[in-house]
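J.: Build the 3D model from these lines:
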Amino acid sequence: VAAWLMNGVCKPPHGDVFKSWAARMMNKFPHLNITTCHSYEIEYKYNYRCTTSWCGVVYGRHSKSIKVKTQVCSKCCGRLELMPQLKADGTPRKQRKANAFSLYVKENMKRFKAQHPNTPQKEIMTLMGQAYKESKT
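T.: Numbers count the residues shown, from 1 in each chain. Predicted coordinates:
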C-alpha cells in the first residue's frame, strides 16, 4: 500500500518500490516479516477431485472453470468430478430455489432476443424486467 500511496506505483505490485518499503519497515520494526507470500490456506468455492482411486488430487477454483467432460487430472489423466460445496462448518451447502424472476428470464430469453435482435444484453434485461412487472399486475 505504501508503494501506491507514497510513490504512486502499483505495477508491478511486488516490484522494487514494494521491496524498498518492505526493507524500510523491517528495519524500523524488526518483529515484522514482510514477504510476497502468504501463509494461510485459500478457501475455494469450487473443488474438483480426480476420480482415480490412487490419485485423488483436488483442484480448487473460485469459479466453475474446469470442464469435467473434457479436462483431466494433470497428474494421472483421470476424470475429474465437482465436489459438493461446503459451508464453513463442513456441512453441505443447500441449493437455493430459483426465484420467480429468474424463472421468467429462463422461459422468455429466447423470445426477447428474437424480438430485439442486435440489442445489448443490458437493455434486454431492462425490457424483461419491465415486462415481468407488467405481467405481475
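J.: In contact with the residue most central in space within the chain, which residues?
T.: Geometric centre of the chain, nearest residue: His62, 3.5 Å, by Cα atoms, centre = their mean. Shown in contact with His62 (Cβ atoms under 8 Å, 6 or more residues apart in numbering): 44-46. The way it works is simple: take the backbone N, C-alpha and C, and place the C-beta from them, glycine included.
J.: For Gln130, see how far away it is.
T.: The gap separating His62 from Gln130 is 34 Å, by Cβ to Cβ, to the nearest Å.
J.: Could you do Gly78 as well?
T.: Here Gly78 is placed at a distance of 49 Å from Gln130 (Cβ to Cβ).
J.: Then Ala22?
T.: 54 Å.
J.: same check, this time on Asn33
T.: 57 Å.
J.: Then Leu32?
T.: For Leu32, the distance to Gln130 - Cβ to Cβ - is 56 Å.
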